[in-house]
Each structure stands twice: as structure tokens, then as C-alpha cells.
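>>> Quick one, fold the following:
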Amino acid sequence: MRIKVLFSAAILSVILLGCSTTGMVYNENMNDGKKMLKGNHPQEALEHFTLATQMSPDADAYSYAAIAAFKIGDLDRAAQYLKEAEKRGGRSFAYLRIAGYKALIALKPGTAKAGLDTLRDYIEVYRHSDYLMSIEDVEYMWRSGKIDFPVLEKLIDEQITTYYNDIEDYDNNRSGWYGMKNRSRIRGY
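Numbers count the residues shown, from 1 in each chain. A predicted model of the protein is given here:
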């Protein structure tokens with residue numbers, strides 16, 4: 001009986017250790033990938049995000065992999081990663097990244113009206129967040145149909161980056177824009 005209990009405890013320890021190791025490897029790859037992306041090293045970022053998708057195939061990992069693939073010019077691969085991200089959490093926390101990069105892929109120079117519809121979807125999603133005023137420039141391009149792609153890419157990337165950085169600041173130490181917003185709501189001003 002005692003051997004059975006010890007054996008069961010040993011198996012449980014191995015399983016729990018394996019799960020925590022997988023989570024740690026996932027987090028390391030996500031963090032390293034984000035650093036590589038910020039440092040303008042999209043190929044290295046893609047390698048980290050690809051490993052993260054293998055550890056935990058979720059919408060976050062796939063949406064970041066899509067951004068990295070987009071930035072190295074592999075639009076087919078980026079589109080495939082976005083499809084995977086949508087399957088794993090289409091309306092999850094990663095949805096703004098998904099909507100933004102779907103629009104950029106659909107609007108890559110040489111594409112037609114379908115890209116404008118996708119851009120409209122991004123605008124609607126982004127307007128439901130605490131958005132930057134630069135959304136007005138994106139909306140102007142959508143309404144006029146005159147897409148300045150390099151400017152649009154810069155605006156969408158800035159909007160997405162700012163949104164997620166603000167949320168990470170709040171999650172990590174209750175600071176940043178959402179921290180100020182929360183404090184003013186609590187204090188009543």
C-alpha cells in the first residue's frame with residue numbers, strides 16, 4: 001500500500017512539474033518574442049512565437065506569430081496564423097490584434113474592396129476600446145477609399161501596441177492609462 005501511495009505521488013509530481021515547465025517555456029517564448037518584435041527582429045520573434053504556439057496553442061501566441069510573419073513579408077503564413085488565432089479565441093483578448101492585421105493583410109497594395117470591409121471591422125472593434133485619436137485618420141482612409149498603406153500600417157501598429165502596453169502596465173503594477181482611469185473612478189473625479 002505504501003509503495004502504491006509513493007508511486008502515485010511520484011507520478012503526480014512529474015505531471016505537475018511538466019505542466020509548470022510547459023507554462024514557463026510558453027511565457028519565456030512569448031516575452032522573448034515580444035522583445036524581439038519591439039527590437040525590430042521579426043524573424044527571431046516568429047521563432048519564439050512559433051514555439052509558444054506549440055506549448056500552448058492559444059489566440060495570443062497565434063496572433064503574435066501572425067504579426068511577426070506579416071513584418072517579414074510572409075502574408076500567407078500571417079493569414080494562416082490569424083485563422084488559427086480566430087479558431088482558438090476569435091473574440092478573446094487577442095481580437096484587436098487579429099482584426100488589425102486581418103485588415104492590413106487584406107489591404108496590402110493591389111487588393112480590392114474586401115480590404116475596406118475588413119478595415120471597417122477593425123475600426124468598429126478599436127472604437128470599443130479606449131482608443132487613440134489617430135483612429136480618425138484610419139477612418140478617413142476607409143471612408144475615402146484612399147489608402148496610404150505605410151501610414152495605415154504605422155497607425156494600426158501604434159494603436160494595437162499602445163492598447164496592449166497599457167493593459168500590461170495595468171496588469172503588472174496597476175499603473176499606466178488604465179491605472180489612472182481606475183483611480184479616478186474610485187476617487188470620483
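>>> Show me how the record splits this structure into domains.
1-92, 93-189 (automatic domain parsing).
>>> average model confidence for the stretch of helix or strand residue 167 belongs to?
If you go by DSSP states H and E, residue 167 is part of helix 149-173. Mean pLDDT, computed over helix 149-173, is 88.
>>> what does stretch 119-126 give?
93.
>>> residues of that stretch that come out buried?
For stretch 119-126, a neighbour-count test (16 or more other C-beta atoms under 10 Å) marks 119, 122, 123, 125, 126 as buried. Where you see a C-beta, it was placed from the backbone N, CA and C, and this is true even at glycine.
>>> Let's have these in TSV, adding distance to residue 134 and secondary structure.
Putting the buried residues of stretch 119-126 into TSV (distance: C-beta to C-beta, whole Å; DSSP: H, G, I helix; E, B strand; the rest coil) gives the following:
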residue	distance to residue 134	secondary structure
119	14	helix
122	13	helix
123	11	helix
125	15	helix
126	10	helix
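>>> Nearest to residue 69 among these?
Using C-beta to C-beta, residue 122 is the member of the buried residues of stretch 119-126 that lies nearest residue 69, at 18.1 Å.
>>> List the contacts of the closest one.
99, 100, 102, 103, 138, 156 (C-beta atoms under 8 Å, 6 or more residues apart in numbering).
>>> now swap in residue 149 and tell me
Neighbours of residue 149 in contact, by C-beta under 8 Å, 6+ apart: 107, 108, 109.
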